[in-house]
Every structure is written in C-alpha cells, then in structure tokens.
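J.: Can you look at this prediction? I've put the sequence above it.
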Amino acid sequence: MNIGFVTRLDAFVHRGGDTVQLEQLATALRAEGHRVDVHAGTRFQLDQRWDLVHIFNLQRPGETARQVGRAAARVPVVISPIYGDTTGLDAQGRSLMRRVLAQVASPHLIELGKQGRRVARGLGELESIYPVLARGPEGLRRWVLDRCRGIYPNSEWEAEGLRRYIPPERVDKMEVVPNGVDVGLLERGWTGDAFRQRWGIEYDKFVLCVARFDERKNNLALIRAALQADVPCVMVGRPAPLHVGYFAHCKREAEAGRCIRIIDEPLSQEQLTGAYRAAHAHALPSWLETPGLVSLEAALCGANLVLGECPPVREYFGASAWYCDPGEVSSIATALRAAYMAERNLYDIDDLIQRRYSWRQVALRQLECYEHALGVRAMMEV
C-alpha cells in the first residue's frame, strides 16, 4: 500500500506527541512492506501512486480543512484527530488573561486569533485562516470529518467526544486505534547512569517529567507540587512557541526551590530512555492526554506514573498508576509523594505496555482500518 502522511506545518520544528505518533507509525508500516511519504502543512503535492492520505491532528481546524480539501477530491482521506475537549483547561488551567478571553470571546474569534499568531510567527500558513473565517471551528470539524472515509481516535473517550460531529448513520467509519511505544528503545536506549552523568543529576531518587512547557501540560502546577512535597524533580522540555512567557514563569518558580532541575534542550529518544531508566517515577499531571506518549515510554522503562485524571489516561493505565486532580496542587503533591515512596515498577507496568502497545501491534490494527476505509475487505469477501 502507498500512503501519504500529512501533519501540521511545524510538526518537525516544534515536536509533540503527534509528531512521534506519525513517525513511529510510518516506521512500523514501512517495516510491514508499505510505502509511506510524509508531508507537513497545506501545500503538499499529491502523488498519483497514493492509495490514501492519512492526516494527523484536528486541533487546528483551519489547517486540517485545507489539507482535506486539497486531497479529498482525488484520493481517499482518513484522519487521526488527536482531539479532545479542553473545557477544563480553558476554565481553570489557562492564564488569567486567556481565561477572561475564553469567557468574553466566541470560539470562532479565539481560533482566528490562535491561527493569526501562528502565521505571524511562521508556524502556520495564511490560507489556513480562510476556512475559519468561512465556517468557524465547530463547522470545520464537521466538514472535515464528513469528508474522511476513516476516523481513528486514540481512545474510546475521544471517539465519544467526536460523535457529536458525525451523523449517526456514519459513525461506523470511526475505529479506535491506540497510541503505541517503541519497544526497541529497551535495546538501544541510554542507561540511567549515562543520563545522570551527561546532565549531572545527583539526586539519589527523583521524579521525571518529559513535556513541552505549556498550560495544557500543567508544568507550573507540577513545580509547585514538587516543592510542596519536597520531591526532587527533573523536567525535560522546551517552551511551546506560544507559551514562552509561561516557560519563563516556570523557570522563576523552579529556581526559587532547591529540588527542581529543568533541562531545556532537545533530547533524542535514546537519551530520553536513559532519563526514564534513571527516574523513580514519571509525572504528567496534564489537563488532557490521549494518553501521553511519554507516559507509555516511561512505563515501558518501569517508572511509576503520576497522571492527571482524565478518561483516556484511565483507559490505557487503569489501576497501574497514581492519579491526581490537575487543578489542585495539593492533589498532585500527594500523588507525587505516594509514587516516590512506593517500590519502583510496583504494578509491573512495563509488562502491560509491551503486551498491549507496541507500534507493530498498532500498525497492524491501522492496516485493518485502512482496508475497511478502502473497501478492500468487502471486495475480498465478495
């Protein structure tokens, strides 16, 4: 099968979980003998050899709409929306200015503002604004999903949230495809000692957080919770492009304590494996994750997990983690302390991850979904 992967314009400059998902799925599909071409933004060239186009991300509806519009007239299109309702984040987790804006401005105007800022900083294309002007974000999500032959949420919770955009008679084109983890990291990744030596980590035991700095990831609350719980915390991440001020605030509060270390430089997956192996626990008290690829990677390496309470995370990790309310610093602090004091890999979570979430397993599931979207299975049964 020949497949075109299309993602947001800045996916390989400002990397996120969607970038890793795309790259790892492409690698796994190629290992199964399929051709995958990868493109970013809205100006990609359609290849007549493609059997379908797989688009990643519905969080920027204007950009996604341009991508779908470019491809759907000539090639079947499917999508991994990587989408979630951010109501809780908007109500509690944003800065004061953004909370006020969310209350007084329409979603249409807010989305226009976000995309305008991306274009101004070279992180988006001007043509991605036009669809938002014409339809608004809610209308665009319906328009996009209506034109996709397959819709692949990462969890049942995400699927439930997307159903409001899809007519009841067409929900059968939605199939859950979970996120995965590169189990090969266990063989080629750094050791914990190598990570400690490279970055001079002297804590005997510490909690790790691998995440970009932005309000959704809740880094500031984690810093305050680690200080409150007196738990050493190593944070690996750089600021999201529209959250530089938030990152500066995080650094100021981290520097005021004595148990927080921020490593704000890019690390390879192999180096991150060393960080996961060195850490006693990994914390990601986000407002929303589906479920957070770094949590899967940390669990693969046997780190205890501290996670923000949200349904997709529960679907993946069940009772094998410590959960907290992302809006309560004291709740995060309690979970941090409990995971820190417990035996490492208390729930044998590394075994769970290897059995359920390898990228090969995910790729085989994805191929089944492609066949369904293209009608291949139906033709074979005739």
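T.: Everything's here; your move.
J.: And the strands in this structure, which stretches?
T.: Using DSSP state E, the strands of the chain run over 2-7, 35-40, 52-56, 77-80, 150-151, 207-210, 233-236, 260-263, 281-284, 304-308, 322-324.
J.: Just say which of the ones you listed is most tucked in.
T.: Across the strands of the chain, averaging neighbours per residue (mean count of other Cβ atoms under 10 Å) puts strand 281-284 on top, at a mean of 28. C-beta coordinates here come from the backbone N, C-alpha and C atoms, glycine included.
J.: What strands line up against that one, and which way round?
T.: Strand pairing for strand 281-284, using DSSP bridges, gives strand 207-210 (parallel), strand 304-308 (parallel).
J.: circling back: with distance to Ala338 as extra columns, can I get the strands of the chain in a markdown table?
T.: As requested, those are exported to a markdown table (distance: least, Cβ to Cβ, whole Å):
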| stretch | distance to Ala338 |
| --- | --- |
| strand 2-7 | 37 |
| strand 35-40 | 41 |
| strand 52-56 | 35 |
| strand 77-80 | 34 |
| strand 150-151 | 38 |
| strand 207-210 | 11 |
| strand 233-236 | 15 |
| strand 260-263 | 19 |
| strand 281-284 | 9 |
| strand 304-308 | 8 |
| strand 322-324 | 5 |
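J.: And the strands paired with strand 281-284: which comes nearest Arg314?
T.: Across the strands paired with strand 281-284, Arg314 has its closest neighbour in strand 304-308 (8.6 Å, Cβ to Cβ).
J.: so for that closest one, what's the average pLDDT?
T.: Taken as a whole, strand 304-308 has an average pLDDT of 98.
J.: just checking, Thr7 touches Ile55?
T.: Yes. Thr7 is within contact range of Ile55, at 7.5 Å (criterion: Cβ atoms under 8 Å).
J.: Tell me who's in contact with Pro232.
T.: Neighbour list for Pro232: Tyr203, Lys205, Phe206, Val207, Ala226, Cys259, Ile260, Arg261 [criterion: Cβ atoms under 8 Å, 6 or more residues apart in numbering].
J.: OK, contacts around Arg196?
T.: Taking Cβ under 8 Å, 6+ apart as the criterion, Arg196 is in contact with Glu202, Ala278.
J.: And it, what's its pLDDT?
T.: Here the pLDDT value assigned to Arg196 is 98.
J.: and if you look at Pro241?
T.: Reading off the model, Pro241 has pLDDT 86.
J.: how much space between Arg188 and Met174?
T.: Distance of Arg188 to Met174, given as Cβ to Cβ, to the nearest Å: 35 Å.
J.: Between those two, which is the more surrounded one?
T.: Using other Cβ atoms under 10 Å, the more surrounded residue of Arg188 and Met174 is Met174, with 20 against 10.
J.: Quick check: nearest residue in space to the more buried one, chain neighbours excluded?
T.: Ile151 (4.3 Å; Cβ to Cβ, 6 or more residues apart in numbering).
J.: now swap in Gln269 and tell me
T.: In space, Gln269 is closest to Leu185, 6.1 Å off (Cβ to Cβ, 6+ apart).
J.: Next one: the one you found from Ser358, what distance?
T.: Distance, Leu185 to Ser358, by Cβ to Cβ: 11 Å.
J.: What of Arg142?
T.: Taken as Cβ to Cβ, the span from Arg142 to Ser358 is 34 Å.
J.: Counting neighbours around each, name which of these two comes out higher.
T.: Between Arg142 and Ser358, Ser358 has the larger neighbour count (other Cβ under 10 Å), namely 19 against 15.
J.: Tell me who's in contact with the residue nearest to Phe5 when sequence neighbours are not counted.
T.: Residue nearest to Phe5 in three dimensions, not counting chain neighbours: Val38, with 4.6 Å by Cβ to Cβ, 6+ apart. Contact analysis of Val38 by Cβ under 8 Å, 6+ apart lists Phe5, Val6, Thr7, Leu22, Glu23, Ala26.
J.: Look up how far Val294 lies from Arg360.
T.: Separation of Arg360 from Val294 (Cβ to Cβ): 20 Å.
J.: try Val329
T.: According to Cβ to Cβ, Val329 stands 21 Å off from Val294.
J.: what's the answer for Phe317, then?
T.: From Phe317 to Val294 the distance is 13 Å (Cβ to Cβ).
J.: just Gly257 next, same as before
T.: In terms of Cβ to Cβ, Gly257 sits 23 Å off from Val294.
J.: So which of those two has more stuff around it?
T.: Val294 (24 against 15).
J.: Just the pLDDT for that one.
T.: 95.
J.: residues contacting it?
T.: For Val294, the contacting residues are Gly17, Val210, Ala211, Leu272, His282, Leu284, by Cβ under 8 Å, 6+ apart.
J.: Tell me if I'm right that the fourth one and Glu297 touch.
T.: The one in question is Leu272. Yes. Applying Cβ under 8 Å, one finds Leu272 in contact with Glu297, separated by 6.8 Å.
J.: shared neighbours of these two, anything?
T.: Val210.
J.: neighbours of the residue lying closest to Arg344 once chain neighbours are set aside, just the number please.
T.: Among residues not flanking Arg344 along the chain, His280 sits closest, at 5.4 Å (Cβ to Cβ, 6+ apart). By other Cβ under 10 Å, 22 other residues sit near His280.
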